[in-house]
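S.K.: Give me coordinates for this.
(one chain, ligands or ions: 1)
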Amino acid sequence: MRPHRLLLVSVYTCLSYSSSLLIATALSFSFNFSSSDDLCDTELRCEHDARMVSGAIELTKNELKANFFSVGRASYARPVPLWNNATGEVASFSSNFTFRIRPKNETDENLRLCSLSHVTRDGAGDGMAFFLAHFPSRLPPNSVGENLALFNDSNRFNAAGDDRTVAVEFDAYPNSWDHSDNHVGIDVNSIDSRAYTNVTKRLVSDDAVMTAEISYDNRTGVLIARLRIDGDKPYMVNASVDMKANLPHEVAIGFAASTGICSELHQVMSWLFSSTLDDATVATSSTSPRRRLVRVLSAFRSSGFSCVALRHRCHPSPSATHMGEIRRFQRRKTRAG
Ligand SMILES: [Ca+2]
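M.R.: Next up, the predicted model:
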């Protein structure tokens, strides 16, 4: 089955008092890799060891004895607008994906050395991430192991220019800057996470299919990551991120993963992304003096997303649960301040 790419699924027409007519079209796409043709070099940009196999995208190598020091990225092949450099408007976006980090057990000298290091409970490393970065994606040289295919040794604490990266990491290996060998973190131009939450259930498992839900609200500036593993309680981490200050106005979005002397597999089975901002956002003149909002039914509803129109702009509401979390986060910030 061809990928079900929903592009321009939501059209909002907002007529304002000011005689300007804003037509905002939202960008949205979804992939089910378990039933897709090979999308590398068409819908996706697959770098280094990343490739499509039956049922998934594998970000690092699967072959026995070849999985050590493996690195790969798979990203959407087109640029994704993150903020409008003419108006300053920042996108609100949401992304859901299912994935698995599987142990790669074998009797190999490297695995023996990994086990001897006693740093991971099951000889697994290093992890994977959902990222936003310079378009087109460029896998950094020497980004294996602890750098998660996001950074390298020279920029991993202060990435600048085209190296800038915002990511949600699923980290299975404890480095000196990590707080555990099993956590979800939000990285802002640094592999040292701005915020993190430890996960009780092991990220590395042959059985568990994990679901991640990531959203960014342009009104609050808060990036939220939620992780579900089987029937375990949902894990949530959030952080304030100024997208305009930390990323270019067009970005690559996708997945990155790496291994080092300890190894594991990184598989993505499905991916959905939606954003309020698209290149097709245009402004034209209108003679209507009256303010009215016309909402066009959106395919977002069928995939768990909804939109509301507020004044002149259209904002996404990724889910009621997410909006509740955003409001609670704002209240905590207000009390703390
Ligand atoms: Ca780590």
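
S.K.: Does stretch 258-271 reach the ion?
M.R.: No: between stretch 258-271 and the ion, judged by Cβ under 5 Å from the ion, nothing touches; the nearest distance is 9.4 Å. No exception for glycine: its C-beta is placed from N, CA and C like everyone else's.

S.K.: which residues in the stretch 1-150 of the chain form helices?
M.R.: Assignment of helices within the stretch 1-150 of the chain using DSSP state H, counting those that start in this stretch yields the ranges 109-117.

S.K.: Minimum distance to the ion, which residue of it gives it?
M.R.: Ranked by Cβ to the ion, the top residue of the stretch 1-150 of the chain for proximity to the ion is Glu146, at 5.0 Å.

S.K.: Pull the contacting residues for that residue.
M.R.: In this structure, Glu146 makes contact with Asp126, Arg156, Tyr173, Asn175, Ile191, Ser258, Gly260, judged by Cβ atoms under 8 Å, 6 or more residues apart in numbering.

S.K.: if we go to 6 Å?
M.R.: Glu146 makes contact with Asp126, Asn175 under the criterion Cβ atoms under 6 Å, 6 or more residues apart in numbering.

S.K.: residue ranges with poor pLDDT in the stretch 151-300 of the chain?
M.R.: For the stretch 151-300 of the chain, residues meeting the criterion pLDDT under 70 lie at 279-300.

S.K.: which bits of the chain sit near the ion?
M.R.: Close to the ion, as judged by Cβ under 5 Å from the ion, the chain has residues Asp171, Tyr173, Asn175, Asp178.

S.K.: Please pick the buried ones from these.
M.R.: Asp171, Tyr173, Asn175, Asp178 (16 or more other Cβ atoms under 10 Å).

S.K.: Secondary structure element for Phe151, which one?
M.R.: Taking DSSP states H and E as the definition, Phe151 sits outside all helices and strands.

S.K.: count of neighbours near it?
M.R.: In terms of burial, Phe151 registers 25 neighbours under the definition other Cβ atoms under 10 Å.

S.K.: what do you get for Ser176?
M.R.: For Ser176, the count of nearby residues is 6 (other Cβ under 10 Å).

S.K.: Could I get the full set of strands for the stretch 101-250 of the chain?
M.R.: Chain-ordered strands for the stretch 101-250 of the chain, with DSSP state E, counting those that start in this stretch as the definition, fall at 127-134, 165-171, 183-188, 195-198, 210-217, 222-229, 235-240, 250-258.

S.K.: Quick check: Asn85 touching His249?
M.R.: Yes: between Asn85 and His249 there is a contact under Cβ atoms under 6 Å: 4.4 Å.

S.K.: what about these two, which has more around it?
M.R.: Remark: of Asn85 and His249, His249 carries more neighbours, 18 against 12, as counted by other Cβ under 10 Å.

S.K.: quick one: contacts for the more buried one?
M.R.: Under the criterion of Cβ under 6 Å, 6+ apart, the contact list for His249 reads Leu82, Trp83, Asn85.

S.K.: Neighbours of Asp37, how many?
M.R.: Other residues within reach of Asp37, judged by other Cβ under 10 Å, total 12.

S.K.: pLDDT score for it?
M.R.: Reading off the confidence values, Asp37 has pLDDT 87.

S.K.: Same question for the one 5 residues further on.
M.R.: Per-residue confidence at Thr42 stands at 94 (pLDDT).

S.K.: Skipping adjacent residues, who's closest to it in space?
M.R.: Ala77 (6.9 Å; Cβ to Cβ, 6 or more residues apart in numbering).

S.K.: Look at that neighbour and report its pLDDT.
M.R.: Taking Ala77 on its own, its pLDDT is 96.

S.K.: you'd agree it is up against Glu47?
M.R.: No: if you go by Cβ under 6 Å, Ala77 and Glu47 don't touch, sitting 11.5 Å apart.

S.K.: Which one's more surrounded, these two?
M.R.: Neighbours of Ala77 and Glu47, each counted by other Cβ under 10 Å, are more numerous for Glu47; the result is 21 against 18.

S.K.: Can you name the residues that contact that one?
M.R.: By Cβ under 6 Å, 6+ apart, Glu47 lies in contact with Arg73, Leu139.

S.K.: what's the answer for the one 5 residues further on, then?
M.R.: With Cβ under 6 Å, 6+ apart as the criterion, the residues that contact Met52 are Asp38, Cys40.

S.K.: will you turn the residues of the chain next to the ion into JSON lines that also has distance to Gly185?
M.R.: Converted to JSON lines, those look like this (distance: Cβ to Cβ, whole Å):
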{"residue": "Asp171", "distance to Gly185": "6"}
{"residue": "Tyr173", "distance to Gly185": "12"}
{"residue": "Asn175", "distance to Gly185": "11"}
{"residue": "Asp178", "distance to Gly185": "8"}
